[in-house]
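>>> Here you go, sequence then predicted model.
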Amino acid sequence: MTSSDYDPTSEGAETDFSRRMSYGDYLALDAILGAQHPLSEAHDEMLFIIQHQTTELWMRLAIHELSAARRAIAKDEVQPAMKMLARMSRIFEQLNNAWDVLRTMTPSEYTRFRSQLGQSSGFQSRQYRLNEYLLGNRNHAMLKPHAHDVETTRLLEAELATPSLYDEVLRLADRHGLTMPAAVLARDVRETHSFSEGVLQAWRIVYEAPETHWMLYELAEKLVDFEDYFRRWRFNHVTTVERVIGFKRGTGGTGGVSYLKRMLEVELFPELWRVRTIL
Ligand code: HEM
Ligand SMILES: N[C@@H](CC(=O)c1ccccc1NC=O)C(=O)O
């Protein structure tokens, strides 16, 4: 230490953590930073692992926020839900920006370790699937890659049995001055909601007179905002994939880019997109 180095203990900074909880203890850093195990000598494998692990951490937060937002909406606590949905958009903005780091990996670099991945793929991400199910994209075929894992299957099945975020929003709207179709309110929540003319007409009333339905108007726009960011995530994914593996088949066994392009067609809140056309 040179004489010009500032010593924070002079203003009381604690430095003895032999018997106190430290930064690393609280954040379980030994577990997190001890969880990168590249299977090859390829320099870029570390990037690949960390990119996925950080995404999984953000997805963990997304599930936390989405489930709490859904519970709040079911209890008519719209203001806290609004904050959580705003945070959801910021999380996905963060994930969207993160693709820029992964894009620095060229096809030549990826092929040095791709064979080590075996048949594993993001297709098998349980948190990703939980997010999709929470948001209402409830494709049961996506349970199959988890059939070997009893705990994950139980978790995803439990999610399918619970109304999605959008189901709760439509129920809330029905309690607050709009009339949603009875068939939609009583639908089998295990399935994906499909476009309903009655729901569209209900949202039309809100969008034609925002000042009289301000709460529902703001909530609807929060959902649209979020789906906008999520669409960008899907687009960034497929573009990065095409850039890195071209039109090769995926390790998970799908057509690769062709499969991911199909996923760009998913609409979580179809009536909120359609209402724009009829205003
Ligand atoms: C070089 C990087 C990447 C490549 C080449 C790639 C490739 C693919 C391919 C080809 C699929 C289709 C399934 C298959 O047949 O394998 C897929 C699915 C998926 N990937 Fe990636 N991926 C990359 C990065 C990422 C990252 C960083 C994440 C973030 C966790 C991710 C998450 C997912 C998810 C969640 C799916 C399933 C999507 C769905 O079912 O809608 N991927 N990926
Ligand atoms: N499906 C990718 C492999 C892949 O991306 C991947 C493999 C293991 C763990 C996470 C992955 N990321 C997203 O799919 C491929 O076909 O190259």
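It's in. Numbers count the residues shown, from 1 in each chain. Ligands and ions are numbered 1, 2, ... in the order given.
>>> From now on I want contacts and neighbour counts done on CA atoms only, so please keep to that.
OK.
>>> how about the longest helix seen in the chain, does it reach ligand 1?
Assignment by DSSP state H gives helix 214-245 as the longest helix of the chain. Yes. Under the criterion of C-alpha under 6 Å from any ligand atom, helix 214-245 makes contact with ligand 1 via 241, 244-245.
>>> Pull out the buried positions in stretch 268-276.
Under the neighbour-count criterion of 16 or more other C-alpha atoms under 10 Å, stretch 268-276 has 268-272, 275 buried.
>>> what residues does the stretch 51-200 of the chain put near ligand 1?
Residues of the stretch 51-200 of the chain found near ligand 1, taking C-alpha under 6 Å from any ligand atom as the criterion, are 51-52, 55, 121-123, 125, 128.
>>> Among those residues, which ones are in helices?
Cross-referencing those against helices under DSSP H gives 51-52, 55, 128.
>>> which residues sit against stretch 47-67?
With C-alpha atoms under 8 Å, 6 or more residues apart in numbering as the test, stretch 47-67 has contacts from 36, 38, 84-85, 87-88, 91, 95, 98, 102, 127-128, 130-131, 134, 165.
>>> Same check on stretch 133-147?
63, 66-67, 123-124, 126, 129, 132, 152-153, 156, 159-160, 164-166, 190-193, 266, 268.
>>> 7 Å instead?
124, 132, 152-153, 159-160, 164-166, 190-193, 268 (C-alpha atoms under 7 Å, 6 or more residues apart in numbering).
>>> avg pLDDT for that stretch?
Per-residue pLDDT values across stretch 133-147 average out to 97.
>>> OK, contacts around the residue nearest to residue 225 when sequence neighbours are not counted?
Spatial nearest neighbour of residue 225, excluding adjacent residues (C-alpha to C-alpha, 6 or more residues apart in numbering): residue 89 at 6.9 Å. Taking C-alpha under 7 Å, 6+ apart, we find residue 89 in contact with 225-226, 229.
>>> would you list the ones in helices among the residues of the stretch 51-200 of the chain next to ligand 1 in CSV and tack on neighbour count?
Below are these laid out as CSV (neighbours: other C-alpha atoms under 10 Å):
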residue, neighbour count
51, 16
52, 14
55, 19
128, 18
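>>> Can you redo those as TSV, where the extra columns are pLDDT?
Shown next, in TSV, are those (pLDDT from 0 to 100):
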residue	pLDDT
51	98
52	98
55	98
128	98
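>>> Tell me how many other residues surround the residue in the stretch 51-200 of the chain that ligand 2 sits nearest to.
Nearest to ligand 2 in the stretch 51-200 of the chain, going by C-alpha to the nearest ligand atom, is residue 122, at a distance of 3.4 Å. Using other C-alpha atoms under 10 Å, residue 122 has 12 other residues around it.
>>> Show the pLDDT at it.
For residue 122, the model assigns a pLDDT of 95.
>>> what comes up buried for whichever helix or strand residue 203 is part of?
Here residue 203, judged by DSSP states H and E, is contained in helix 197-208. Using 16+ other C-alpha under 10 Å as the test for burial, helix 197-208 gives 198-207.
>>> got JSON lines for those, with pLDDT and distance to residue 43 too?
Output for those, formatted as JSON lines (pLDDT from 0 to 100; distance: C-alpha to C-alpha, whole Å):
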{"residue": "198", "pLDDT": "98", "distance to residue 43": "55"}
{"residue": "199", "pLDDT": "98", "distance to residue 43": "52"}
{"residue": "200", "pLDDT": "98", "distance to residue 43": "51"}
{"residue": "201", "pLDDT": "98", "distance to residue 43": "55"}
{"residue": "202", "pLDDT": "98", "distance to residue 43": "54"}
{"residue": "203", "pLDDT": "98", "distance to residue 43": "52"}
{"residue": "204", "pLDDT": "98", "distance to residue 43": "54"}
{"residue": "205", "pLDDT": "98", "distance to residue 43": "56"}
{"residue": "206", "pLDDT": "98", "distance to residue 43": "54"}
{"residue": "207", "pLDDT": "98", "distance to residue 43": "52"}
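>>> Thanks a lot, see you next time.
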